[in-house]
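# Fold the following and give me the result.
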Amino acid sequence: MTKKIVVTGIGAISPLGATAADSWAALLAGESGASALLQPWVEELALPVKFAAQSRVLASDLLERHETKRLDPSSQFALIAGREAWADAGQPEVEPERLMVDWSTGIGGVWTLLDAWDTLRERGPRRVLPMTVPMLMPNGPAAAIGMDLHARAGIHTVVSACASSTEALVNAYNHIQSGLADVVIAGGSEAAIHPLPIASFAAMQALSKRNDEPATASRPYDISRDGFVLGEGAAALVVETEEHAKARGAHIYAELVGGSVTSDAYHITAPDPEGSAAARAMKATIEGAGASVSDVNHINAHATSTPVGDIAEYNALRRVFGDAVDSIPVSATKASTGHLLGGAGAIEALFTVKALQERVAPPTINLTQQDPEIGLDVVTAPRELGAGDLFAISNSFGFGGHNAVVAFRNV
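Below is the predicted model of the structure:
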């Protein structure tokens, strides 16, 4: 028997705000989270890209001092978003053995790893912190949330590049359907605004180089797009069976109706330009939810603002929806948040949930001249989604050819 699974709590710390509510409000207002990097290492290392979408608040302002000392920034962000989502869900009373964490990251504790390497080289092995390995582990963020909430049904970490946190949500859905948990806190986090990832992404021509205009650098679907803007932060969603939620009188945001994961097996960084596997993930998600392509009212696109990535996703959408895609409102929210890598899918799923709850598609900023090769109905100002039943999907695609899609219905 298929269970109805709902979202009862949301939390975020992002380039747009310290909370989910602040991030959503800034998104609707058309704000950009990108700004110049003022750290001395930008000039010292002559980085070709001198801006990013940094968290709007410092994690250290929201955590106890001992927590910031023992957690990598990726885990700090996760703990902040996880705690907010848990509180927003009303701190469900659930047996620890029925509570699970499905989390994700694309890169993990890169700050801890590289800081420890600098310490080893400059000051010797005795000065390397004993907590270095637990702090740099990719499962560190999931473990931090799991220990904080005493989740004993399982603590899982997905690492599938920029598809990671959408895949974590798919796993959460499947884990509840299979009876392994009643409540799951799912999401993703990333904290990779560090000289090495910036230099590496820039070397592969993946980052925008609009150093003089950071706020308008992320330009999904625009003819002048030249790469993504590196972002950081985390987002979390509490999901549970409708039966469990109603029994405790929980507020319900939306229904999580399923998801799908596929792979391109095409190239380590470039997407399949035909978008066939991405299209298969979208089709499987829609069909698995008992819906048809004509039911889709809104799409939160992956839309990184890279020249090849945006075209590949458009080709995949055209495969799925045909000419009908011309009239489906599409939001590309990375234009505002930057690209949170392993945390991107989670915050975009959160935005999709809010879009259904408030019946408004969020805007895509910085689109001044749409690429004529991409015939989408891109939302450039907040747009009402109308009355009646609503169904939306959120897409995520990552290096290695990872494709993940989740779907939601309004309630």
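# Ignoring the adjacent residues along the chain, who's closest to Val325?
The shortest distance from Val325 to any non-neighbouring residue, by C-beta to C-beta, 6 or more residues apart in numbering, is to Leu317 (5.0 Å). (Glycine included, C-beta is placed from N, CA and C.)
# Quick check: buried residues in the helix or strand hosting the one you found?
Taking DSSP states H and E as the criterion, the element that holds Leu317 is helix 307-321. Buried positions in helix 307-321, judged by neighbour count with 16 or more other C-beta atoms under 10 Å: 309-321.
# of all the residues you listed, which two lie farthest apart?
By the measure C-beta to C-beta, these have their two most distant members at Gly309 and Phe321, which lie 18.5 Å apart.
# pretty sure Pro48 is touching Ala202, no?
Yes - at 4.8 Å, Pro48 and Ala202 qualify as touching, with contact defined as C-beta atoms under 8 Å.
# Show me which of the two is the more surrounded one.
Applying other C-beta atoms under 10 Å to Pro48 and Ala202 shows that Ala202 carries more neighbours, namely 17 against 12.
# what's the domain layout of this structure?
The domain map for the chain lists 5-247, 259-409, with the assignment taken from automatic domain parsing.
# Can I get the ones you listed in CSV including mean pLDDT and distance to Tyr253?
Conversion of the domains of the chain to CSV gives the following (pLDDT from 0 to 100; distance: least, C-beta to C-beta, whole Å):
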stretch, mean pLDDT, distance to Tyr253
domain 5-247, 98, 4
domain 259-409, 97, 5
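# got the contact list for stretch 239-254?
If you take C-beta atoms under 8 Å, 6 or more residues apart in numbering as the criterion, stretch 239-254 is touched by 3-8, 10, 89-90, 92-94, 169, 172-173, 176, 182-186, 255-256, 353-354, 356-357, 408-411.
# Which members of these are positioned in strands?
The members of the contacts of stretch 239-254 that map onto strands under DSSP state E are 5-8, 10, 183-186, 255-256, 408-409.
# Tell me which two in the residues you listed are the farthest apart.
Ile185 and Arg409 (20.7 Å).
# Of these two, give the one with the bigger neighbour count.
Relative neighbour count places Ile185 above the other of Ile185 and Arg409, with 34 against 19, counting by other C-beta under 10 Å.
# isn't the more buried one right next to Leu149, touching?
Yes - between Ile185 and Leu149 there is a contact at 6.8 Å, judged by C-beta under 8 Å.
# Spell out which residues are contacts of both of those two.
In the contact map built from C-beta under 8 Å, 6+ apart, the residues linked to both Ile185 and Leu149 are Gly82, Trp86, Leu99, Val101.
# quick one on the thing from earlier: and the contacts of stretch 239-254, which of them are buried?
Of all these considered here, the ones buried according to neighbour count by 16+ other C-beta under 10 Å are 3, 5-8, 10, 89, 92, 94, 169, 172-173, 176, 182-186, 255-256, 353-354, 356-357, 408-410.
# quick one: Arg248 from Glu242, how far?
Relative to Glu242, Arg248 is positioned 11 Å away (criterion: C-beta to C-beta, to the nearest Å).
# Is Ser260 bridged to anything, and to what?
In this structure, Ser260 has beta-bridge partners Val405, where bridges are defined by DSSP bridges.
# actually Asp377, sorry about that
When bridges are called by DSSP bridges, Asp377 pairs up with Pro329.
# doesn't Asp326 make contact with it?
Yes - taking contacts as C-beta under 8 Å, Asp377 lies within contact range of Asp326: 6.1 Å.
# Between those two, tell me which one has more neighbours.
Neighbours of Asp377 and Asp326, each counted by other C-beta under 10 Å, are more numerous for Asp377; the result is 14 against 11.
# Tell me who's in contact with the more buried one.
Asp377 makes contacts with Val325, Asp326, Ser327, Ile328, Pro329, Val330, as judged by C-beta under 8 Å, 6+ apart.
# rerun that using 10 Å as the cut-off
When contacts are counted by C-beta atoms under 10 Å, 6 or more residues apart in numbering, Asp377 touches Ile299, Val325, Asp326, Ser327, Ile328, Pro329, Val330, Ala361, Arg383.
# Please render those residues as a markdown table that adds distance to Tyr221 to the earlier fields.
Output for the contacts of Asp377, formatted as a markdown table (distance: C-beta to C-beta, whole Å):
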| residue | distance to Tyr221 |
| --- | --- |
| Ile299 | 12 |
| Val325 | 13 |
| Asp326 | 13 |
| Ser327 | 16 |
| Ile328 | 14 |
| Pro329 | 13 |
| Val330 | 8 |
| Ala361 | 15 |
| Arg383 | 16 |
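# Okay, and the residue nearest the centre of the chain sits in which element?
In the chain, the residue lying closest to the centroid (C-alpha atoms, centre = their mean) is Ala344, at 2.1 Å. Assigned by DSSP H and E, Ala344 belongs to helix 344-358.
# Tell me which other helices or strands the helix or strand following that helix touches.
Downstream of helix 344-358, the first helix or strand assigned by DSSP H and E is strand 360-361. Using 3 or more C-beta pairs under 10 Å, 6 or more residues apart in numbering; DSSP states H and E as the contact criterion, the neighbours of strand 360-361 among helices and strands are strand 298-300, strand 329-331, helix 344-358, strand 383-384.
# nearest to Ser208, of these?
Checking these against Ser208 by C-beta to C-beta gives helix 344-358 as the closest, at 15.7 Å.
# I'd like to know how many residues surround Val159.
Residue crowding around Val159 was assessed by other C-beta under 10 Å; the count is 20.
# isn't it right up against Ser189?
No - here Val159 lies out of contact with Ser189, judged by C-beta atoms under 10 Å, at a distance of 12.0 Å.
# how about the helices of the stretch 151-300 of the chain, start to end?
Counting by DSSP state H, counting those that start in this stretch, the segments of the stretch 151-300 of the chain that form helices are 164-177, 195-203, 242-247, 276-288.
# Would you mind listing the buried residues in the shortest one?
Of the residues in helix 242-247, those scored as buried under the neighbour-count criterion (16+ other C-beta under 10 Å) are Glu242, His244, Ala245.
# possible to save these as CSV with distance to Leu62?
What follows is the buried residues of helix 242-247, written out as CSV (distance: C-beta to C-beta, whole Å):
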residue, distance to Leu62
Glu242, 31
His244, 29
Ala245, 27
